[in-house]
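> here is the input, now give the coordinates:
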Amino acid sequence: MVKMKNIIILFMSIAFFACEPPVIEKVASKHPNGEKKKVEFFKEIEGEEVLIEEKHYHDDGKFKMGGKFKDGLRDGEWKAYFQNGQLQSEGVFKAGKRFGIAKVYFPNGQLRYEGQYENDKEIGHWKFYNEKGKLVNEKDY
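The predicted model follows:
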């Protein structure tokens, strides 16, 4: 009986995921050298293509920046990278507005500054550092 129940659950899962619309990938722009610059990802919902994710690339093809969309607006974690592959910034968006902790880095990997956003505005205590990691300034919003 348990085995039959597991088989039914497996088939229901397969049917659910088989009905999920496929992701459509489109190269939106290219660098002058022909490398992709911006790639957009869509799902077809009720006959319309809906943007769900975007990725940007440096002219050498390395990943530059990207994140998800919801209802046409940035939503969720977004990250950006320097051409050397080092993390440049990370932050969160809700309905297209910055929200939560944001961090920005120097090309050498040291934290440049960190703080928090709410509804696209800086809030709370922010810290600023030099390229060697030394705290050089603090600011309250």
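> quick one, helices of this structure?
2-18 (DSSP state H).
> which of the helices and strands in it ranks last by mean pLDDT?
helix 2-18 (a mean of 50; mean pLDDT, DSSP states H and E).
> how many residues are close by the closest residue to E49 other than its chain neighbours?
Distances taken as Cβ to Cβ, 6 or more residues apart in numbering place F42 nearest to E49, at 4.1 Å, with adjacent residues excluded. (Glycine included, C-beta is placed from N, CA and C.) When counting by other Cβ atoms under 10 Å, one arrives at 18 neighbours for F42.
> ok, F42 - contacts?
Counting by Cβ atoms under 8 Å, 6 or more residues apart in numbering, F42 touches V23, I24, K26, E49, V50, L51, I52.
> give me the beta-bridge partners of it?
I24, L51 (DSSP bridges).
> look up how far Y129 lies from it.
39 Å (Cβ to Cβ, to the nearest Å).
> phi, psi of P32?
Dihedral pair for P32: phi -50, psi -30, per degrees, to the nearest 10.
> now for it, how many residues are close by?
7.
> for it, give me its contacts.
D59.
> nearest to the spatial middle of the chain, which residue is it?
G67 (2.1 Å; Cα atoms, centre = their mean).
> I figured that residue hits L51, correct?
No: counting by Cβ atoms under 8 Å, G67 does not reach L51; the two are 11.3 Å apart.
> could you pull out the strands in this structure for me?
23-30, 36-45, 48-57, 63-70, 73-81, 87-94, 97-98, 100-105, 111-118, 121-129, 135-140 (DSSP state E).
> same list (those) but as a markdown table, adding mean pLDDT.
Putting the strands of the chain into a markdown table (pLDDT from 0 to 100) gives the following:
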| stretch | mean pLDDT |
| --- | --- |
| strand 23-30 | 96 |
| strand 36-45 | 96 |
| strand 48-57 | 97 |
| strand 63-70 | 98 |
| strand 73-81 | 97 |
| strand 87-94 | 98 |
| strand 97-98 | 97 |
| strand 100-105 | 98 |
| strand 111-118 | 98 |
| strand 121-129 | 98 |
| strand 135-140 | 98 |
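> of the contacts of F42, keep whichever come out buried.
Among the contacts of F42, those classed as buried by 16 or more other Cβ atoms under 10 Å are V50, L51, I52.
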